[in-house]
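structure for the following, please:
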Amino acid sequence: MSSPSTSNRTLIHTRDIKTQAFRRDDGLWDIEATLLDVKDKDFHLASGVKPRGEAIHQMVLTVTIDTKFNIVDAQAKTHAAPYDDHCKTIEPDYRKLIGLNLANGFRGAVKERLSGISGCSHMTELCSVLPTVAIQAFAGEIFKVADEGSGTMPFQLNRCHALRTDGETVKRYHRAWFGAPLTPVEISKKES
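Residues are numbered from 1 along each chain as shown. I've put the predicted structure just below:
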């Protein structure tokens, strides 16, 4: 990847966030988010020195959801942290995600339950990507991404600027929905 800068640069820190979605045999889905922080030099912490390239943070957050986006299980795991034993004590608190819905007020509920000293800033950051990962996982699996003559507007329309029903993308690729009201289809959320 090229830099927009013409200045010489020195790599200091790398944060990788990786997400994966898995369909389970029991009809549920696991959404997994992993955060990995490494420094490009030895890093001095109050707890000791982390050698160059060794994980400063390595954490995995997994939520199990149903096809209505309801979280039915949650697990947080810290593989590396600056204060390993102390950092790991917050893991069970991420079970507070159980009962939340990824498509209905999720980010606000996470902030209420797990922000600041009530959570781990890195695990809580991973929570922010879960809704869109679930939606991407369900695209083409649970939700149709093309009309296919069903008479139902594809769920992704009116959810971003490129897919607005009065725009050129919809005019070209989803012609039947061009000119439809600028309101997205309701995503099925909670079980009745």
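
and residue 44, what helix or strand is that in?
Using DSSP states H and E, residue 44 sits within strand 43-45.

any weak-confidence spans in this structure?
Counting by pLDDT under 70, the ranges of the chain that qualify are 1-3, 147-148, 188-192.

identify the residues contacting the one helix or strand residue 122 maps to?
Using DSSP H and E, residue 122 sits within helix 121-127. By CB atoms under 8 Å, 6 or more residues apart in numbering, the surrounding residues in contact with helix 121-127 are 17, 33-35, 37, 57, 59, 61, 76, 78, 81, 90, 94, 97, 106-107, 110, 114-115. Backbone N, C-alpha and C define where each C-beta goes, glycine included.

returning to what we had before: what strands flank whichever helix or strand comes after the strand holding residue 44, and is each parallel or antiparallel?
Counting by DSSP H and E, the next helix or strand C-terminal to strand 43-45 is strand 48-50. Strand 48-50 has its sheet partners listed here by DSSP bridges as strand 43-45 (antiparallel).

just the buried positions in the partner strand, please.
Buried residues in strand 43-45, counted by 16 or more other CB atoms under 10 Å: residue 43.

roughly how far is that strand from the heart of the chain?
Centre-to-centre, strand 43-45 and its host chain are 29 Å apart (CA atoms, centre = their mean, to the nearest Å).

ok, which stretches of this protein are strands?
For the chain, the strands defined by DSSP state E cover 13-23, 29-39, 43-45, 48-50, 55-65, 71-80.

next, the buried residues of the second one.
Counting neighbours by 16+ other CB under 10 Å, one finds that the buried residues in strand 29-39 are 29-39.

ok, back up a step: now the strands of the chain as CSV including distance to residue 169?
Listed next are the strands of the chain as CSV, based on distance: least, CB to CB, whole Å:
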stretch, distance to residue 169
strand 13-23, 25
strand 29-39, 27
strand 43-45, 45
strand 48-50, 46
strand 55-65, 29
strand 71-80, 32
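
and of those strands, who's closest to residue 146?
Across the strands of the chain, residue 146 has its closest neighbour in strand 13-23 (20.2 Å, CB to CB).

quick one: contacts for the residue nearest the centre of the chain?
Closest to where the C-alpha atoms of the chain average out (CA atoms, centre = their mean) is residue 129, at 1.9 Å. Contacts for residue 129 (CB under 8 Å, 6+ apart) come out as 17, 19, 33.

okay, and the beta partners of the second one?
When assigned by DSSP bridges, residue 19 has beta-bridge partners residue 33.

is it true that it touches residue 31?
Yes. Between residue 19 and residue 31 there is a contact under CB atoms under 8 Å: 7.2 Å.

identify the contacts common to these two.
Between them, residue 19 and residue 31 share the contacting residues residue 133, judged by CB under 8 Å, 6+ apart.

sweet, I'm off.
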